[in-house]
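# Kindly return the folded structure for what I paste below:
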Amino acid sequence: MRWLFLLLVLLNVFFWVQHQYEAPVRVKEVAPLDSYSRLQQNITLLSESSVPQRRASSSSAANDDGCLFLGGFDEEQQAESLEQRLLSLDVQSEVQQVDAATGVDYWVYLPPLASRQASLRQLRELQSRNIDSYIITVGDLSNGISLGIFSRKDSAEGVVARLREVGYAALVRELPRMHRKYWVRVAVASRNQLDDTILRGLKNDMPELQHRQMSCTDVATSE
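Have a look, this model is predicted:
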């Protein structure tokens, strides 16, 4: 009986192994190579796409390296004299003006009221209190009341505080303090004609002469 039992076990093992070999193979579907190639062609790395943009930006920045300006004069006549001097050297140029902020002023004012008549009544009240005040006639604060322009912020705030004590709600607006300078812009075609020798000669005759590279488009032409 024991041999018969072992024989049955061996037969079961044999049939199980045979069944495993004859079982169908499961196929895993994959994309054809040509489809994968097309998909890969449509993929663009971010680093690769940004390279042309960076190159374009760098190229445009390199092309706009600014213009050569000589001068920095307070008087337009000085700039015109320099322009004539350059023209005598066959250097094409033109006078231009540059307004630069040199500080901030602080304007104390009362906003406009509902009507000009109301603002005028308020003005008379202020003047009856010996408060220096003037009606504003132009701009977005037209018909408001100006109470002074101060170079120091604490002075403006002091006026606001005193007016608050007598019932007026004054405000402060910052005004950029502009200073105009006159420059002579050298034409791009003439820049190579200005060598160090010529610049030194101009500097000797005009000690206040400066030379700078500035944006060609941010400077207003003097009329």
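# When you work out contacts or count neighbours from here on, use the C-alpha atoms and nothing else.
Fine.
# which stretches of the chain form strands?
Here the chain has its strands, by DSSP state E, at 67-73, 93-110, 134-135, 145-150, 171-186, 210-214, 220-221.
# With mean pLDDT and mean neighbour count as extra columns, can I get the ones you listed in CSV?
Output for the strands of the chain, formatted as CSV (pLDDT from 0 to 100; neighbours: other Cα atoms under 10 Å):
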stretch, mean pLDDT, mean neighbour count
strand 67-73, 90, 21
strand 93-110, 90, 18
strand 134-135, 94, 19
strand 145-150, 95, 20
strand 171-186, 91, 18
strand 210-214, 84, 14
strand 220-221, 47, 14
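# want to throw those strands into a markdown table with distance to Glu83?
Listed next are these as a markdown table, based on distance: least, Cα to Cα, whole Å:
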| stretch | distance to Glu83 |
| --- | --- |
| strand 67-73 | 9 |
| strand 93-110 | 6 |
| strand 134-135 | 43 |
| strand 145-150 | 38 |
| strand 171-186 | 6 |
| strand 210-214 | 14 |
| strand 220-221 | 14 |
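# For Gln117, which of those is the nearest?
For the strands of the chain, proximity to Gln117 was assessed by Cα to Cα; strand 134-135 is nearest, at 11.1 Å.
# Tell me the strands beside that closest one, with direction?
Strands that pair with strand 134-135, judged by DSSP bridges, come out as strand 145-150 (antiparallel).
# tilt between the partner strand and strand 171-186?
Strand 145-150 and strand 171-186 are oriented at 60 degrees to each other (axes from the mean of the first three to the mean of the last three Cα atoms, to 10 degrees).
# Quick one: low-confidence residue ranges for the protein.
Within the chain, the ranges that satisfy pLDDT under 70 run 1-65, 217-223.
# Hmm, Gly66 and Val188 touching each other?
No: between Val188 and Gly66 there is no contact under Cα atoms under 8 Å: 9.7 Å.
# The two: which is more packed in?
Gly66 (16 against 13; other Cα atoms under 10 Å).
# any idea how far that one is from Ser142?
Distance of Gly66 to Ser142, given as Cα to Cα, to the nearest Å: 40 Å.
# Distance of Leu194 relative to Ile136?
Counting by Cα to Cα - Leu194 and Ile136 are separated by 50 Å.
# Looking at these two now, which is surrounded by more residues?
Neighbour totals were compared for Leu194 and Ile136, and Ile136 leads with 19 against 13 (other Cα under 10 Å).
# just checking, that one touches Asn143?
Yes: using Cα under 8 Å, Ile136 is in contact with Asn143, at 5.1 Å.
# My guess is Ile149 contacts Ser133. True?
No: taking Cα under 8 Å as the definition, Ile149 is not a contact partner of Ser133, at 10.9 Å.
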